[in-house]
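Student: everything below, folded, please.
(chains A and B)
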Amino acid sequence: MTSIGLYGLRGGVGVSSLLAALGYALHTLGERVLLIDMCPENLLRLHFNLPWPEQTGWAHALMTGSIWQEQAWRLKENLALLPYGRLDAAEQHAVEQKLLLEPELWSQRQASLADHFDWLLFDLPQRLPGHSRIGGCNLAIQVAQPDAACHALLQQQPAATDARLLVNCYDPGKQLQRDLMLLWRDRYSQRLLPLTVHADAAMPEALAHKMPIGRYAAASQAAQNALSLATWCLTQRTATA
Amino acid sequence: MAALSTTNPMNEKPHIALAAAERADDIGRLKSILQLPQLNYIDISAQNALQQALRRWPLLAELSSRHSAAPAAVTAPEETA
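Tutor: Okay, here's the model as predicted:
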């Protein structure tokens, strides 16, 4: 079993959409996948047609003392999703404090899931270190978009990181984006994934349809990119698991 | 180039493990196959393209000059609570 954590270089780079797309693509390739939303925004579930008013999730279960495994939703055979749940700010803070004090909480959960899933895909928040450390992941992927803000943020980051870098929403028709990709391929060659996910109107439309893009528009470029990403993940499994 | 090898270098297993970027980089493969990792191949067109990119965008140019001046790690800004 391999744990993958996706997180954004900044907010709004499309981490949840990408994670939904990747989970669906891996499942298409015959893998057993569990998607886990670690973000208090609790949006990952909307990519898979979960009902909006539903408040349950693993973090909600921490507050109510419910069984966390029972909060997962079975989307298809071998494809499941565990939402965060709806919590107010005080409850979110309490969960963050608990996770900082009990780092083994998620590592134990991940170990218990190893027999049931080939992939645990975590949607990680940016600014909550307790939430984002989870129980450790085999593959950490930072997501960026090719814009000047991300370029500045990459340069400000500490240089030493094991996380790979994935570019989302790439439009090769834009000069600035082509130039940034040129720079990043030169400067971040060790971190950069060998594929980019292209800007595609089908991605935001898929969420508006409450579907992952592989289901909404299988022939779209972004859905094809997600399949490439899934295939790349399969090659990484041999190296990490 | 034709005299290097009668077998197709694409089918040979390289003696040195290639980094991910090198696998997609034909110059990197050439260095591996020739076992000359220090070969200082200067890709002039790539260098030109990079220089043009920096000239087009002032922010990129400024960040690039800072990056060259201070290649050591810079601490990330403190997270706000």
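Student: what's the helix or strand for the residue in chain B that chain A sits nearest to?
Tutor: Of all residues in chain B, residue B:53 sits closest to chain A, at 3.6 Å by CB to the nearest CB. Glycine gets a C-beta too; all of them are placed from N, C-alpha and C. Under the criterion of DSSP states H and E, residue B:53 resides in helix B:44-56.
Student: quick check: mean pLDDT of that helix?
Tutor: Averaging pLDDT along helix B:44-56 yields 90.
Student: got it, and stretch A:218-226?
Tutor: 98.
Student: what sits up against that stretch?
Tutor: Contacts with stretch A:218-226, where a contact means CB atoms under 8 Å, 6 or more residues apart in numbering or on different chains, come from A:18, A:21-22, A:24-25, A:195-198, A:200, A:202-203, A:213-214, A:216-217.
Student: return the set of buried residues in it.
Tutor: For stretch A:218-226, a neighbour-count test (16 or more other CB atoms under 10 Å in any protein chain shown) marks A:220, A:222-226 as buried.
Student: secondary structure for those residues - can I get that in TSV?
Tutor: Converted to TSV, the buried residues of stretch A:218-226 look like this (DSSP: H, G, I helix; E, B strand; the rest coil):
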residue	secondary structure
A:220	coil
A:222	helix
A:223	helix
A:224	helix
A:225	helix
A:226	helix
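Student: against chain B, how distant is the nearest residue to residue A:134 once chain neighbours are set aside?
Tutor: Once flanking residues are discounted, residue A:134 sits nearest to residue A:106: 4.4 Å by CB to CB, 6 or more residues apart in numbering or on different chains. In this view, residue A:106 and chain B are 20 Å apart by CB to the nearest CB, to the nearest Å.
Student: follow-up on the earlier one: and the residue of chain B closest to chain A, what does it touch?
Tutor: Counting by CB under 8 Å, 6+ apart, residue B:53 touches A:178-180, A:182-183, B:60.
Student: helices along chain A, start to end?
Tutor: A:15-28, A:58-64, A:89-101, A:104-113, A:129-133, A:148-156, A:175-187, A:202-208, A:213-216, A:221-240 (DSSP state H).
Student: need the winner for burial among the ones you listed.
Tutor: helix A:15-28 (a mean of 26; mean count of other CB atoms under 10 Å in any protein chain shown).
Student: helices and strands around it, which ones?
Tutor: Helix A:15-28 is packed against strand A:2-8, strand A:33-37, strand A:79-82, strand A:119-123, helix A:202-208, helix A:213-216, helix A:221-240, with contacts defined by 3 or more CB pairs under 8 Å, 6 or more residues apart in numbering or on different chains; DSSP states H and E.
Student: I am finished for the moment; much appreciated.
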